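**Student:** Coordinates for the following, if possible.
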Amino acid sequence: MEGRQQAPERTSRLVHQSRFDAPDDMDRAWAGYFEQLEGFLSTGGGESEVNAVLQGKVSSSGRAYAEVSLALVYGVLTDINRTPQFMKNLVMISRDGYALCTKELQRLINELFPKLRDSVRAQLLWLTREFITLDAMDVEGVCYALLRQVDKAPFLDG
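**Tutor:** Numbering: from 1, shown residues only. Presented below is the predicted three-dimensional model:
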C-alpha cells in the first residue's frame with residue numbers, strides 16, 4: 001500500500017530487538033523519561049541552572065523524582081559520552097539513598113539482561129561499582145541479580 005505511511009520505528013538503545021519483537025514497556029518508559037529530561041536540559045544554561053531545574057522538577061512530586069532518576073540511569077546506561085554528567089546529576093538529586101535506582105536496576109537485570117546491548121551491560125557494571133562506592137541502598141540486590149545472570153551471559157574467549 002503506497003499511500004499509507006508507517007510511523008518511524010524507534011530503535012532501542014537499551015536492548016537488542018529484531019523487527020519482530022514487540023517494544024519492551026520498561027525500555028519505552030525509560031527512553032520517554034530520558035527524552036523529557038533532554039527536553040528541559042537542552043534549554044541551555046550552566047551547571048547551576050541545570051541543578052536548579054533538576055531540583056525543582058524532582059521536588060514537585062514522587063513521580064517526577066522517579067522519572068528523573070530513571071531518565072538519568074537510562075542516560076548513564078546508554079550515553080557513554082555524558083555518563084559523568086548524568087551520574088553527577090543523579091548523585092545531586094538522590095533523596096532515598098538510590099533505593100529506587102537499585103530496585104529498578106534489579107528489575108532491568110531480571111527481565112532484560114539477556115537482551116541488553118553489550119555497551120549497556122558494560123555501563124551496568126560500571127554503575128553497579130559506583131553504587132557500591134556510594135553505599136547505595138540494596139546495591140547487594142543488584143549484585144545478586146547480576147550473579148544470577150552469569151551462566152546466561154555470553155563471555156569472550158581469552
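**Student:** and the helix or strand harbouring Gly141, what does it pack onto?
**Tutor:** Using DSSP states H and E, Gly141 sits within helix 139-148. In this structure, helix 139-148 makes packing contacts with helix 99-112, helix 118-133, judged by 3 or more CB pairs under 8 Å, 6 or more residues apart in numbering; DSSP states H and E. In this view, the C-beta of every residue, glycine as well, is placed from N, C-alpha and C.
**Student:** Averaged pLDDT, the first one. What do you get?
**Tutor:** Model confidence over helix 99-112, given as mean pLDDT, is 97.
**Student:** which one is Gln55 nearest to, not counting chain neighbours?
**Tutor:** Setting aside the residues directly before and after it, Gln55 is nearest to Ile93 in space (CB to CB, 6 or more residues apart in numbering), at 6.8 Å.
**Student:** buried ones in the lowest-mean-pLDDT helix or strand in the chain?
**Tutor:** Within the chain, no helix or strand scores below helix 47-60, which has a mean of 88 by mean pLDDT, DSSP states H and E. Taking 16 or more other CB atoms under 10 Å as the neighbour-count basis, helix 47-60 is seen to contain the buried residues Val50, Val53, Leu54, Lys57, Val58.
**Student:** Gly46 is nearest to which of the helices and strands packed on helix 139-148?
**Tutor:** When the helices and strands packed on helix 139-148 are compared by CB to CB, helix 118-133 sits nearest Gly46, at 24.2 Å.
**Student:** For the closest one, buried residues please.
**Tutor:** Using 16+ other CB under 10 Å as the burial criterion, the residues of helix 118-133 that qualify are Val120, Arg121, Gln123, Leu124, Leu127, Thr128, Glu130, Phe131.
**Student:** Surely the third one is in contact with Pro84?
**Tutor:** No: the pair Gln123 and Pro84 does not pass the contact test of CB atoms under 8 Å, sitting 11.9 Å apart.
**Student:** what about the chain, any weak spots by pLDDT?
**Tutor:** With pLDDT under 70 as the threshold, the chain has low-confidence stretches at 1-10, 43-44, 152-158.
**Student:** Tell me how far the residue nearest to Gln55 lies from Leu112.
**Tutor:** Distance, Ile93 to Leu112, by CB to CB, to the nearest Å: 24 Å.
**Student:** for Ser69, same thing?
**Tutor:** As it turns out, when the distance is counted by CB to CB, Ser69 lies 18 Å from Leu112.
**Student:** So for the two, which residue has more residues nearby?
**Tutor:** Ser69 (23 against 17; other CB atoms under 10 Å).
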